[in-house]
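Asker: Sharing a model prediction with you, sequence too.
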Amino acid sequence: MMKNRAGWLALIVLAIASLLMVFLVMPAINKDSKPIGDAINAAGNAVKDAVTEPQPTARAPDAAKPADQAAATAPQTAQPATSSAAGQATPQAAAITPPSFDVLRVEPDGSTVIAGRAAPHSKLEVTDGTAIVAKVDVGPSGDFAAILDKPLPPGDHQLVLKAIGKDGKATVSEETATVSVPADKNGKLLAMVTKPGKASRLIATPDAATP
């Protein structure tokens, strides 16, 4: 585009110079003693100056700068704690404390009351050998009191406590209540609780009944 402008300008100047020669220079040839070559040189210099005159250069616009890149940070999804064990503590049956005797009361006629502790909400059975002589539900505190269904007959008895949990698992007492019911009124009633490796606890030694 700049070259075209310079070309057109040169043509215009050349045309003007030609007109000057026709209307001014030629008529003055006869009057002026200057050679015609000087007029031609002057016209040529005018064209040269016009062509070589510095033309304003149009600056190409700067390359468009890319738009600010939006900080596109990929959303980091918080990965949930996938610890399968979290919140799922497989409770290994906390070792159920075996039932125990706190009170053992035996009357001379064999009537028996037992109080003690066992696993809360379990079912407690009192066994004499292979026979179940009492059943009771244990409360939330774990305390219980059981009265034998029938008085113990005369003789020796081994009473054992058995607690049955909701899962059906049974826990037997480490202690054993040994009861001796006299056959007659003159005999002695004996009741004690024994535990392997520990001294026996004498629970009741009532006086012999008077005749």
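Answerer: Nice, I can see it.

Asker: can you confirm Asp14 is in a helix?
Answerer: I think there's a mix-up here, since residue 14 is Leu and not Asp. Yes: the assignment for Leu14, made by DSSP: H, G, I helix; E, B strand; the rest coil, places it in a helix.

Asker: so Leu152 makes contact with Val179?
Answerer: Yes: at 6.1 Å, Leu152 counts as touching Val179 under the criterion of CB atoms under 8 Å. The way it works is simple: take the backbone N, C-alpha and C, and place the C-beta from them, glycine included.

Asker: Give me the longest strand you can find in this protein.
Answerer: For the chain, the longest strand by residue count, based on DSSP state E, is strand 155-164.

Asker: what about the chain, any weak spots by pLDDT?
Answerer: Applying pLDDT under 70 to the chain flags residues 1-7, 10, 13, 17, 19-95, 202-211.

Asker: okay, now the domains of it?
Answerer: What the record gives for the chain is the domain set 2-52, 100-204, from automatic domain parsing.

Asker: Of the ones you listed, flag the one that's most buried.
Answerer: Each of the domains of the chain was scored by mean neighbour count; the highest is domain 100-204, a mean of 16, by mean count of other CB atoms under 10 Å.

Asker: Tell me where the chain has helices.
Answerer: 2-20, 26-29, 36-52 (DSSP state H).

Asker: Chain neighbours aside, what residue packs nearest to Lys135?
Answerer: Glu125 (5.5 Å; CB to CB, 6 or more residues apart in numbering).

Asker: so what's the one you found up against?
Answerer: Contact analysis of Glu125 by CB atoms under 8 Å, 6 or more residues apart in numbering lists 132, 134-135, 161-164.

Asker: Using CSV, please lay out those residues together with distance to Glu174.
Answerer: CSV is the format used below for the contacts of Glu125 (distance: CB to CB, whole Å):
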residue, distance to Glu174
Ile132, 19
Ala134, 19
Lys135, 20
Leu161, 9
Lys162, 12
Ala163, 12
Ile164, 17
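
Asker: For Ile96, state which of those is nearest.
Answerer: Proximity of those to Ile96 (CB to CB) peaks at Ala163, which lies at 7.0 Å.

Asker: I'd say that closest one and Pro99 touch.
Answerer: Yes: with contacts counted by CB under 8 Å, Ala163 reaches Pro99, the gap being 4.6 Å.

Asker: anything in contact with each of the two?
Answerer: Shared between the contact lists of Ala163 and Pro99 (criterion: CB under 8 Å, 6+ apart) are residues 118-119, 124, 171.

Asker: what's the closest non-adjacent residue to Ser200?
Answerer: Distances taken as CB to CB, 6+ apart put Thr194 closest to Ser200, at 4.4 Å, once the chain neighbours are dropped.

Asker: Spell out the residue ranges of the strands in this structure.
Answerer: Using DSSP E, the strands found in the chain span residues 100-106, 112-117, 123-128, 131-137, 143-147, 155-164, 170-172, 176-181, 190-195, 198-204.
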